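S.K.: Okay, predicted coordinates and the sequence, questions at the end:
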Amino acid sequence: MIGFITGRVDHIGTNFCLVDTQGVGYRIFLNTGDLSRIQVDQKVKIYTYLSVREDALQLFGFLSYDAYSLFTQLITVSGIGPKVAQGILSAAKVDAFYLAVKSRDLKFLTKLPGIGKKTAERLLLELKDMTGPEGLEEEGTAGGFDGDVPEDDTTTLGAVAEGLSYLGYTQGEIAQVLKKLKVTADSRAEDLLKEALRLLARRS
């Protein structure tokens, strides 16, 4: 397997780039975010996954190892192939996706391309023990959000995360503050959002 490729960007297409490595051109399919970050003649290092099919060999690439790692976890889920997985990475940041899985946010997942309700439920079931990028795995405070969210709390925490995102907070900041919230059966989204904002203001 080709783990990564370094070389010069020779051409950028609608969903791929051609990388010249010592005179050999590799056609690598990228998500839209990574495509927007590269330019022709730029020297790049791209982590790659080789998809082997009866009628084609395709290289899917990622500028970060975190994205590559998430991609390889996604394609282990029944019904998700390389193209769907790359579409997910085009639509969602890596840390946002991990946060959605940890908070069991079906609403977030079903908005992703190629993901219906049944596929989203399979994602939550099969990736429930997935590990995320550094910074999402730190231990939370006692009584806070630790990634194991009761079914009834899914909508509440999802609403809090959505509200913080709307206010401009990064997914990393949101992930950290959700771990510190004390979620009970009587918790209301607006109260948890106020508490989250208070905690974020204290950090500032």
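M.R.: Yep, it's here.

S.K.: any weak-confidence spans in the protein?
M.R.: For the chain, the stretches flagged by pLDDT under 70 are 1, 130-156, 166, 171, 185, 203-204.

S.K.: switch to 80 and redo it
M.R.: The model of the chain has pLDDT under 80 over residues 1, 54, 128-179, 182-190, 202-204.

S.K.: For it, which segments count as helices?
M.R.: Assignment of helices within the chain using DSSP state H yields the ranges 32-35, 65-74, 82-91, 94-102, 106-110, 117-126, 154-166, 171-180, 189-203.

S.K.: hmm, who's touching the shortest one?
M.R.: Here helix 32-35 makes contact (C-beta atoms under 8 Å, 6 or more residues apart in numbering) with 12, 15, 17, 61-63, 67, 89-90, 93. (Glycine included, C-beta is placed from N, CA and C.)

S.K.: Just among these, which is most surrounded?
M.R.: Neighbour counts for the contacts of helix 32-35 (other C-beta atoms under 10 Å) peak at residue 61, which has 28 neighbours.

S.K.: mind listing what that one touches?
M.R.: Counted by C-beta under 8 Å, 6+ apart, residue 61 has contacts 5, 17, 28-30, 34, 46-49.

S.K.: Pull out the buried members of those residues.
M.R.: 5, 17, 28-30, 34, 46-49 (16 or more other C-beta atoms under 10 Å).
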